[in-house]
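[1] Provided below are the primary sequence and the corresponding predicted coordinates.
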Amino acid sequence: MTPGARVAAAIEILDQVRGGIPAERALTAWARGSRYAGSKDRAAVRDHVFDVLRAKRSLGDGDGRALMIAVALRDGWDVDALFCGQGHAPSALTDAERSPVSVTDAAAACDLPDWLWPLWQDSLGDQAEAAAHAQQARAAVFLRVNTRRGDRESAIRMLADDGILAVPHESVQTASRVVENPRRIKTSQAYLNGYVELQDASSQHAVAQLQVPADARVLDYCAGGGGKALALADMYDCQVVAHDIAPDRMKDLPARADRAGVRIETRTTAALASAAPFDVVFCDAPCSGSGTWRRTPDAKWRFSEDDLARYQNMQSEVILSAADLTGQDGMLAYATCSVLRQENDAIIDKFLKTRPEWRVLYREQLVPCDDWDGFFLCCLTRDNSNL
């Protein structure tokens, strides 16, 4: 495909997304119906679509053509070469289309829905605009070194042998930032042999804050694909059990654990009670994902006030259930990849009113930036002083 043809494909997909089709579904349908498109073509079209969705309000929130023109003008592309009407490229720009988009509304400039902007400001204060602007750009790709296999420097050298350039993260000791050829990671020897795992630096930082005691029994209560369970098993000399209410999400975990050289037991919800209590329960609760919206920008525009209320109900239920599985002297870690106070501090405050025997040990909110995604962590334990 020519560069112009890739832009035309992105326009078609963006129009479908504007009509209500989720971005991933529209991209998958296009790829299946476009057998002529190679892997580089599919990646380029995907990048175009996601670049627009991260910033569609500040780009004018128009149809697919208008949005692709706006992003091309914003980023200094050669619009006359891309919009030329030849080789399946879109037609040439009109004089009116050559005018850059101008946005003055704060919520639009920060690419957030109007209803969410006040909550965003309330949650992040003087960091609100910077965090929103960080979500307008692509996120960096980070790797976690599996210390059971080797150290970070040897993993970086192994990646370089496959043409992947990575550099150490400035403040997270297990993390590396990929700066060249991130799409080669899953075919690299470092990945296939278990030296590295894909994981954002924020998650790695959070796991490192837990300070899990030796030989502790640890439950990753909302494990999903198991990334944090793998990090726990690698970083600490502990026994890790992984659980998710939808067990299919963990289907790849045994193979990933074997590749990393760690042992992780999985348990169904029905089997958890007999395995409790645990010394540490890590509870990465379902959430809006607002701290990671640059990775899933379509989710930002689909998120509603009803969704927020639904997540808050789930989060309150999850933390109560997780607390019941935590030993008397154990630690409960509540986490989300959200930056919204309503999903973080408000959930903790509500929990403490319901369970006054608990107290906070540690609380931290990471804000989206070049170094990591947004992430919230609160570690709690029971106050046994009156027992």
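    That came through, no problem.
[2] and the worst-scoring helix or strand of the chain on mean pLDDT, which residues are buried?
    Lowest by mean pLDDT, DSSP states H and E among the helices and strands of the chain is helix 269-275, with a mean of 90. Across helix 269-275, burial judged by 16 or more other CB atoms under 10 Å covers Leu272. For the C-beta atoms, the positions are set from N, CA and C on the backbone; glycine is no exception.
[3] Let me know the average pLDDT across the next helix-or-strand element following it.
    The C-terminal neighbour of helix 269-275 among helices and strands, as given by DSSP states H and E, is strand 278-284. Mean pLDDT, strand 278-284: 97.
[4] same check, this time on stretch 319-327
    97.
[5] tell me which residues in it are buried?
    In stretch 319-327, counting by 16+ other CB under 10 Å, buried: Ile319, Ala322, Ala323, Leu325, Thr326, Gly327.
[6] before we move on, back to that, from the rest of the structure, what touches the least confident helix or strand of the chain?
    Helix 269-275 has contacts (CB atoms under 8 Å, 6 or more residues apart in numbering) with Leu219, Val241, His243, Ile245, Arg267, Leu325.
[7] and whichever strand or helix holds the second one, what does it pack onto?
    Remark: Val241 resides in strand 239-242, with elements defined by DSSP H and E. Packing contacts for strand 239-242, counted by 3 or more CB pairs under 8 Å, 6 or more residues apart in numbering; DSSP states H and E, involve strand 217-220, helix 227-235, strand 264-266.
[8] And the pLDDT for the residue nearest the centre of the chain?
    The centroid of the chain falls nearest to Thr292 when counting by CA atoms, centre = their mean (4.1 Å). With respect to pLDDT, Thr292 has a value of 97.
[9] Ok, Asn344 next?
    98.
[10] Just read off the phi/psi values of the nearest residue to it once chain neighbours are set aside.
    Take Asn344 and drop its neighbours on the chain: the residue closest to it by CB to CB, 6 or more residues apart in numbering is Phe376, 4.2 Å away. The phi/psi pair for Phe376 (degrees, to the nearest 10) reads phi -120, psi 140.
[11] Who are the contact partners of Asp234?
    Going by CB under 8 Å, 6+ apart, Asp234 touches Arg144, Asn146, Thr147, Arg148, Ala260, Val262.
[12] Turn the residues you listed into JSON lines, including secondary structure, pLDDT and neighbour count.
    Conversion of the contacts of Asp234 to JSON lines gives the following (DSSP: H, G, I helix; E, B strand; the rest coil; pLDDT from 0 to 100; neighbours: other CB atoms under 10 Å):
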{"residue": "Arg144", "secondary structure": "strand", "pLDDT": "97", "neighbour count": "27"}
{"residue": "Asn146", "secondary structure": "coil", "pLDDT": "95", "neighbour count": "24"}
{"residue": "Thr147", "secondary structure": "coil", "pLDDT": "94", "neighbour count": "16"}
{"residue": "Arg148", "secondary structure": "coil", "pLDDT": "91", "neighbour count": "13"}
{"residue": "Ala260", "secondary structure": "helix", "pLDDT": "92", "neighbour count": "23"}
{"residue": "Val262", "secondary structure": "coil", "pLDDT": "93", "neighbour count": "19"}
